[in-house]
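K.L.:
A predicted structure for the sequence below; I have some questions about it.
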Amino acid sequence: MWYAAVLRFIRRRLVLGLIFLFSLTYFLINLFGNGGSLSLDADDFEVRREYPMIWRTLQEHNQTNDLGATCRNSVQGKVLIVDDRGFVCQRSDLLWTGCCNVDPGTTKRYGCETCNEAHCCAIYEHCVSCCLHPDKKTLLEKVLSKASGRQSAVFATVKDHFELCLAKCRTNSHSVQHENKYRDPKTKHCYGQTEAHESQKEVSGNSVL
């Protein structure tokens, strides 16, 4: 009978509709269950490292000076480059191995020439080079322990001292005030502990790295 076929069709559609409504309800409950907000704040999550941080001693840095040793470097600098041994050099003095040529007088190790006592530097490569000094380990451990929000997520992905310095020295939200002006346009690359500007504290309610 035609009405039996129509009835089966309606029942099938009804079951599918109920499944869809149940799935949609479950999705919306999970989506809006946390205060009814769609925004995800990194501060709401605890970010844990999956592997221990690798720190190099001065002796280990010196062992990479052997001929044929390869280096990672900061890559993007048009004038200066810093390698993972802490040497900062002219881009023209970069060897095929990725390491800085240590022979030219312009090549410096752990160069902090443009850095101040607050651990902030005018030049990115100087910031990374200075940050790579083994003596900075204690300071950087404090930076890691006090990191929060998005920075903690970034720091959880770095594997060693060099990657940490590359990430920390890049300008971030704490290098600016009112989101459009550098707090200190001369020394905007910082590897030490930094606090949010007053304008940011008013929004966040607390100081973060």
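P.N.:
Yep, it's here.
K.L.:
gap between Glu131 and Leu58?
P.N.:
Wrong residue type there; residue 131 is Cys, not Glu. Distance, Cys131 to Leu58, by C-beta to C-beta, to the nearest Å: 14 Å. In short, each C-beta sits where N, CA and C put it, glycine included.
K.L.:
who has more neighbours out of those two?
P.N.:
Under the criterion of other C-beta atoms under 10 Å, the comparison of Cys131 against Leu58 puts Cys131 first, with 29 against 13.
K.L.:
so what's the backbone phi/psi at the more buried one?
P.N.:
Cys131 adopts backbone torsions of phi -60, psi -30, taken as degrees, to the nearest 10.
K.L.:
swap in Gly98?
P.N.:
Gly98 has phi and psi values of phi 90, psi 0 when expressed as degrees, to the nearest 10.
K.L.:
and the residue nearest to it when sequence neighbours are not counted, what does it touch?
P.N.:
Closest residue in space to Gly98, ignoring its immediate chain neighbours: Cys71 at 4.3 Å, by C-beta to C-beta, 6 or more residues apart in numbering. Neighbour list for Cys71: 64, 83-85, 97-100 [criterion: C-beta atoms under 8 Å, 6 or more residues apart in numbering].
K.L.:
what does Leu166 give?
P.N.:
74, 128, 158.
K.L.:
closest one to Tyr51 out of those, please.
P.N.:
The shortest gap between Tyr51 and any of the contacts of Leu166 belongs to Val158, at 10.2 Å (C-beta to C-beta).
K.L.:
can you tell me the closest non-neighbouring residue to that closest one?
P.N.:
Leu164 is the one closest to Val158 (C-beta to C-beta, 6+ apart), at 4.7 Å.
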